[in-house]
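next input, structure requested:
(2 chains)
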Amino acid sequence: MSAPRRRRAFDWSAAVIAALAVTAAVTVYVRDGHERFLAILTDDLGLFGWMLPKVLAGCLIGSFVTLLLPRETIARWVGSESGLAGILFATFAGAIMPGGPFTIYPVAGALLAAGADAGAACAFVIAWTLIGYTRAIVWELPFFGADFVLWRVIFSLPLPILAGLAARAIWQSMARRGDAA
Amino acid sequence: MTLIIDLLLWTIVVALGLAVVARSQSLFVDSLRLAAREFLALLPRIAIGMIGSGFIAEMLPQHLIPSWFGSGTGPWGLVIASVAGALTPGGPVVGFAIAAAALKGGAGAPQVIAYTIAWALFALPRVLIYEIPSMPPRVVWLRVAVSLPLPFLAAWAAMIVGKP
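So this is what the prediction gives:
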């Protein structure tokens, strides 16, 4: 159904993180002793176990949406010819999409493979990042309080739309240059 | 609260799943297989990222950060705050924890907004672990490029409005 995507479990980007993580872990162990090391490890393992179901949910939603929405529908809503409405729609979808990065990126990837354009995908991801309510409520609110978060979100509202329009313009001019070459 | 979001997430999964089953059972099996393949491919990266994030956060000079983006630091403070945000590791809480500490320690609200937005948009581990494997790299770099002005735009709006 969806276009084949290159996907490897371990590549250079994972290697960079692995190297960082191992270096940091060894440093913590040497500097702070094994009790602190174990405390952090337990915390991180807990977090990992806690988010696994969300990762699975993200993969399932991405896979179902790809199968349910015909390519033409996705292309019409959020394709390269969808205009400002397409960017607004992608922004709205990103803002209401529940879950974390482990949910949002697989869905964005699936939409791209199914005919969404780069501008809409960017607006979707940025909207989730900046005005997604799940993140704001669960993580940001306890740290900052409602006033700060509310204003931060208000100032962020136009940003996915601006960035999505810019991304679409850049993508299309790159494509034109690619055609000309 | 997380429980409600989990419920919402899985309600969407079940609703979409039922819609697929209604269309065709073999299609449903196919889509489950596709999802499982994605899940297994993401798993090792996420394990590395999550288990590493706590150690990476522990290495940060967290006490220095507030003095770098105090309310008197102006546009330069915004740049430093944005770069600091981009360099802060992903993980759901690290950036918020540091930003909240900075705010308490006297950092300016626009600087803290720039920091949290930059962290949300650019945290390198998150880009490398989640975004690169899920989307075509060209789109990811485009996404990062068009996001570059956003921390400044939001902070600028905060300065003009004088809130929060």
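
could you tell me how many residues sit around the residue in chain B that chain A sits nearest to?
Residue nearest to chain A within chain B (Cβ to the nearest Cβ): B:Gly52, separated by 2.5 Å. For glycine as for every other residue, the C-beta is placed from the backbone atoms N, C-alpha and C. When counting by other Cβ atoms under 10 Å in any protein chain shown, one arrives at 25 neighbours for B:Gly52.

now the phi/psi pair for the closest residue to it other than its chain neighbours, please.
Distances taken as Cβ to Cβ, 6 or more residues apart in numbering or on different chains place A:Ala21 nearest to B:Gly52, at 2.5 Å, with adjacent residues excluded. As for A:Ala21, its main-chain torsions (degrees, to the nearest 10) stand at phi -60, psi -40.

burial check on A:Ala21, number of neighbours?
A:Ala21 has 23 neighbouring residues, counting by other Cβ under 10 Å.

so stretch A:31-44, near chain B or not?
Yes: using Cβ under 8 Å from any Cβ of the partner chain, stretch A:31-44 reaches chain B at A:Asp32, A:Arg36, A:Ile40, A:Leu41, A:Asp43, A:Asp44.

in ChimeraX, how would I select the buried members of those?
In ChimeraX, a selection of the buried entries from the residues of stretch A:31-44 next to chain B looks like this (16 or more other Cβ atoms under 10 Å in any protein chain shown):
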select /A:40,41,44
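
wait, a strand at the residue of chain B closest to chain A?
No: with DSSP: H, G, I helix; E, B strand; the rest coil as the criterion, B:Gly52 is helix rather than part of a strand.

mind listing what it touches?
Contacts for B:Gly52 (Cβ atoms under 8 Å, 6 or more residues apart in numbering or on different chains) come out as A:Ile17, A:Ala18, A:Leu20, A:Ala21, A:Val22, A:Ala24, A:Ala25, A:Asp44, B:Pro89, B:Pro125.

again, only this time at 10 Å
Listed by Cβ atoms under 10 Å, 6 or more residues apart in numbering or on different chains, the contact partners of B:Gly52 are A:17-25, A:44, B:89-91, B:125, B:129.

pLDDT check: weakest of these?
When those are compared by pLDDT, B:Gly91 scores lowest at 61.

with just CA atoms, put stretch A:58-76 into PDB.
Extracted C-alpha coordinates of stretch A:58-76, given in PDB (Å, rounded to 0.1, in the frame of the first residue of the first chain):
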ATOM      1  CA  GLY A  58       1.500   5.200  16.900                       C
ATOM      2  CA  CYS A  59       2.600   2.500  14.500                       C
ATOM      3  CA  LEU A  60      -0.900   1.000  14.400                       C
ATOM      4  CA  ILE A  61      -2.500   4.400  13.700                       C
ATOM      5  CA  GLY A  62       0.000   5.200  11.000                       C
ATOM      6  CA  SER A  63      -0.600   1.800   9.400                       C
ATOM      7  CA  PHE A  64      -4.500   1.900   9.600                       C
ATOM      8  CA  VAL A  65      -4.700   5.500   8.300                       C
ATOM      9  CA  THR A  66      -2.600   4.600   5.300                       C
ATOM     10  CA  LEU A  67      -4.900   1.800   4.500                       C
ATOM     11  CA  LEU A  68      -8.200   3.600   5.200                       C
ATOM     12  CA  LEU A  69      -7.500   6.900   3.400                       C
ATOM     13  CA  PRO A  70      -7.100   6.500  -0.300                       C
ATOM     14  CA  ARG A  71      -4.100   8.200  -1.700                       C
ATOM     15  CA  GLU A  72      -6.300  10.600  -3.700                       C
ATOM     16  CA  THR A  73      -8.100  11.700  -0.500                       C
ATOM     17  CA  ILE A  74      -4.800  12.400   1.400                       C
ATOM     18  CA  ALA A  75      -3.400  14.200  -1.700                       C
ATOM     19  CA  ARG A  76      -6.500  16.300  -2.000                       C
END
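
show me what contacts B:Gly49?
Neighbouring residues of B:Gly49 by Cβ under 10 Å, 6+ apart: A:14, A:17-18, A:20-21, A:44, A:48, A:101-102, B:42, B:56, B:89-91, B:125-126, B:128-130.
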